[in-house]
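[1] Here's a sequence, model it:
(chains A and B)
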Amino acid sequence: MTPRRRRGMLAHRARVIGAHAIVTLRDQGAYLGELALGGAILFVFLFVLSCLWTATFRAQESSLLGGLTLVQMTWYVTFTEALVMSRVNVARRIDEDIRTGNLAHALLRPGGYLTARFGAYLAERLVRFAFSLGFGSVVALALAGPVVIDPVAALGAIVATGLAFVLEFAIIAGIGLGAFWTEDTSSIYFLYTRVSLLLGGVLIPIELFPEGAAIVARALPFAPMIHGPARLALAPDGTGFLSVIASLVVSLTVVGTMMAVGYRSGLERLTVQGG
Amino acid sequence: MQDAGAAISVRDLTRSFDRPGVPGAGWRRLLPGGTRGAPTVALHPVSFRVERGERVALIGPNGAGKSTTIKLLTGILHPSGGDARVLGRVPWRERTDLAYDIATVFGQKSQLWYHLPARSTFELLRHVYDLDAGVARRRVGELTERLGLRDLLDRPVRTLSLGERMRCELAAALIHSPRLVFLDEPTIGLDVEARQAVRAHVRELNARQGTTIFLTSHDAADIEQVCERVIVMQAGRVAFDGPVSTLRSRYVRGRQIEAHFLVPVDRPVDLPPGASLVDVEPQRWRLEVHEAGAPVGPVVAWLMACGPVVDLTVSDPPMEDVIAAIYRETAGPRVIPGGRP
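    Numbers count the residues shown, from 1 in each chain, chains lettered A, B, ... in the order given. Predicted coordinates:
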């Protein structure tokens, strides 16, 4: 083993993640059309949601719903939509890699397969999120006007968003790894997107859910991943930061462990049983 | 105890796969392993050794066990039994460490980023293999010179021809200066010129750096032009292991004689003893003399008597025929004399 190889494994993994992220960023230039289409869809969604919430506020004859004003609500859905629309279907790629045997070939290189996938995911997700949030902010500004964001709350939202990205990678990669055992993981991914849409508080903040549904939503990882960062960004200060971060860390520990166990078990299936 | 000095050392390596059973096999299918059928043996006990710096081809028909062998030697598959060392390491236990010392080139799989220039992939691989920036720069420069990549490095991979892309694939595989290279169908889909270029580069790599080459291919020219030794696998067993030249003389016995006539000549009724017709056209006959070392003089004399011969060639059977003959052997293992014990 050369001295270079004795360097910390974690430091090497971090460099591999960074290198994959940089290459993926360069590669994103080829998908500008896809980004533009996403922008058009986001505009339609935000316009419709803005109209619906305006009508709801009017019908309720209230200036606050779930602790948010109409302007804040528009910005809330802008943030949650940006989170959801920046989602990267890494499950499909992992599924393909398992079925086509690319995973076996990837194992022939150092650095780890999931490390490489995570680096690529992170870069793609950040590009999509920055675009969706930037474009969505322009739309929200035009539809509802500016919103006041507390710097501490913004910082909390940034940390929570980063953790949410990592958590969602663990969930989606875990779905893709299901290809070791199931014929088709696309249906599981579809189910995941729908459940997270409903229980993540994408369209309606969790505070407005019926009590039972709110309890279920808060117990699952979807709400801290979507509702958490969006709600934090609009908080008057850092209120709720610790509870959101704690939920994300607990979810990440549970889901990350499940994904790691699934990956090991899948690899064993591949290497010991022969796939 | 395996020899840590060899590039590859394999002893009694076996591999079986569970075969799925017949669906709906009653209540037993609910039990763990209840639906499994009898295991399929992909690799019977296999033993061979490859010295450092050797150029070895592993050939055999589909299903002979080539892929299983390569997967075992690269550590992506665990064996059912036996032992193997690759550059002194047990591949399935030390796959990550081994990855720094070996390279794999798959003709049908690309590791280059399609929309980006090859240089971007090289930069990525620098981090993957944990190379210093200076070392990587020198290595890329060296590979650029040797593989003629100067005009290709900064063009998106999608704009390269297949041959150009394969040269870049080779460079990507060699960036970390591996001591052993596994090549799986490296010339598949390439035109004649590109094939020759790839073969020349592989030979040069071996000559300059002493890199061990382990190649699988169905292309006879890959085997003849790149390798000095061939291992033939049939039905999960090593059927032959020896020099490429020996394979030809031992497997397809005899030589071929091709005669061109000045005018069309009628198909012969009787043939000289020990000869058979392989191919007949009015002005061109191709015969085979069955026994190796048998005199061809009487057959040549007989041909001269058949008609006005304008050209005559005596040759060993082409390697393609040798391989085709090997692949026809599907009825079970046949150990060919002349190989290594």
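
[2] C-alpha only now, for contacts and for neighbours.
    Noted.

[3] Okay, helices next: where are they in the chain?
    Assuming you mean chain A. Along chain A, the stretches classed as helices by DSSP state H are A:3-6, A:9-27, A:32-60, A:70-85, A:90-100, A:102-106, A:113-144, A:151-177, A:186-199, A:211-219, A:222-233, A:241-271.

[4] try chain B instead
    Under DSSP H, chain B gives helices at B:66-74, B:95-99, B:118-128, B:133-147, B:162-174, B:192-209, B:220-226, B:244-251, B:297-306, B:319-328.

[5] Would you mind pulling the contact partners of the first one?
    In other words, helix B:66-74. For helix B:66-74, the surrounding residues in contact (CA atoms under 8 Å, 6 or more residues apart in numbering or on different chains) are A:108, B:15, B:42-43, B:58-60, B:77-79, B:84-86, B:91-92, B:95, B:98, B:182, B:216, B:233.

[6] mind redoing it with 6 Å?
    B:77, B:91 (CA atoms under 6 Å, 6 or more residues apart in numbering or on different chains).

[7] Alpha carbons only: can I get it in PDB?
    What follows is helix B:66-74, C-alpha atoms only, in PDB (Å, rounded to 0.1, in the frame of the first residue of the first chain):
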ATOM      1  CA  LYS B  66     -14.800 -16.700 -18.900                       C
ATOM      2  CA  SER B  67     -16.900 -13.900 -17.400                       C
ATOM      3  CA  THR B  68     -17.200 -15.800 -14.100                       C
ATOM      4  CA  THR B  69     -13.400 -16.200 -14.000                       C
ATOM      5  CA  ILE B  70     -12.800 -12.500 -14.700                       C
ATOM      6  CA  LYS B  71     -15.400 -11.500 -12.100                       C
ATOM      7  CA  LEU B  72     -13.700 -13.800  -9.500                       C
ATOM      8  CA  LEU B  73     -10.200 -12.400 -10.400                       C
ATOM      9  CA  THR B  74     -11.400  -8.800 -10.100                       C
END
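
[8] near chain A, which residues of chain B show up?
    B:76-78, B:96, B:99, B:124, B:127-128 (CA under 6 Å from any CA of the partner chain).

[9] how about the helices of chain A in JSON lines, adding mean neighbour count and mean pLDDT?
    Shown next, in JSON lines, are the helices of chain A (neighbours: other CA atoms under 10 Å in any protein chain shown; pLDDT from 0 to 100):
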{"stretch": "helix A:3-6", "mean neighbour count": "10", "mean pLDDT": "49"}
{"stretch": "helix A:9-27", "mean neighbour count": "19", "mean pLDDT": "89"}
{"stretch": "helix A:32-60", "mean neighbour count": "15", "mean pLDDT": "91"}
{"stretch": "helix A:70-85", "mean neighbour count": "25", "mean pLDDT": "96"}
{"stretch": "helix A:90-100", "mean neighbour count": "19", "mean pLDDT": "93"}
{"stretch": "helix A:102-106", "mean neighbour count": "18", "mean pLDDT": "86"}
{"stretch": "helix A:113-144", "mean neighbour count": "20", "mean pLDDT": "94"}
{"stretch": "helix A:151-177", "mean neighbour count": "22", "mean pLDDT": "95"}
{"stretch": "helix A:186-199", "mean neighbour count": "16", "mean pLDDT": "95"}
{"stretch": "helix A:211-219", "mean neighbour count": "14", "mean pLDDT": "92"}
{"stretch": "helix A:222-233", "mean neighbour count": "28", "mean pLDDT": "94"}
{"stretch": "helix A:241-271", "mean neighbour count": "18", "mean pLDDT": "92"}
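
[10] Of all those helices, which one is nearest B:G134?
    The closest of the helices of chain A to B:G134 is helix A:3-6. By CA to CA, the value is 13.6 Å.

[11] Over to stretch A:192-205 now: how far is its first residue from its last?
    Taking CA to CA, to the nearest Å, stretch A:192-205 runs 19 Å from one end to the other.
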